[in-house]
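*Asks:* Sequence first, predicted model second:
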Amino acid sequence: MLKKLIHMIFLPCSEVTLLMEKRNAENISPTENWKLNLHLKICKWCRAYKQKLEILDDILKRKLSQDKKDKINNSEIQDFKEKVIKNLDI
C-alpha cells in the first residue's frame with residue numbers, strides 16, 4: 001500500500017523512465033534527483049530498467065569511442081599512402 005502511494009504521490013514509473021533518460025542527457029534538478037532516487041529505492045521494475053539503460057549507454061559509449069579510433073586510423077593510413085606516393089615519384 002505504501003509503495004503504491006509513493007508511486008502516485010512522488011513519481012509514476014512513466015515519469016521515472018523519462019527522468020532517467022533526461023539525467024543521462026543533461027543535469028536534472030536536485031528535487032527531481034531526490035524523487036527519482038526515492039522511486040528507485042522502492043520500485044524493482046524501474047531499477048531493472050535503470051540497469052538496462054546503463055548497459056546500453058556503456059555499449060554506445062564504447063562503440064562511439066571505437067568509431068573515433070577507426071577514423072583516426074583511417075586518416076593515418078591515408079597520410080602514409082600519400083607519403084609513399086610522394087617517395088615513389090622521386
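*Replies:* Yes, it's here.

*Asks:* centroid residue for the protein?
*Replies:* Nearest residue to the geometric centre of the chain (CA atoms, centre = their mean): residue 57, 3.2 Å.

*Asks:* my guess is it contacts residue 23, does it?
*Replies:* No - Residue 57 lies out of contact with residue 23 (CB atoms under 8 Å); the separation is 10.9 Å. Any C-beta I mention is one placed from the backbone N, CA and C, and that applies to glycine too.

*Asks:* Identify the contacts common to these two.
*Replies:* Counting by CB atoms under 8 Å, 6 or more residues apart in numbering, residue 57 and residue 23 have no shared contacts at all.

*Asks:* for the chain, which helix is longest?
*Replies:* helix 44-89 (DSSP state H).

*Asks:* any weak-confidence spans in this structure?
*Replies:* For the chain, applying pLDDT under 70 flags the ranges 1-3, 6-8, 10, 67-74, 77, 89-90.

*Asks:* Please identify the helix or strand for residue 32.
*Replies:* helix 30-42 (DSSP states H and E).

*Asks:* which helices and strands does that helix pack with?
*Replies:* Under the contact definition 3 or more CB pairs under 8 Å, 6 or more residues apart in numbering; DSSP states H and E, helix 30-42 sits against helix 2-9, helix 13-25, helix 44-89.
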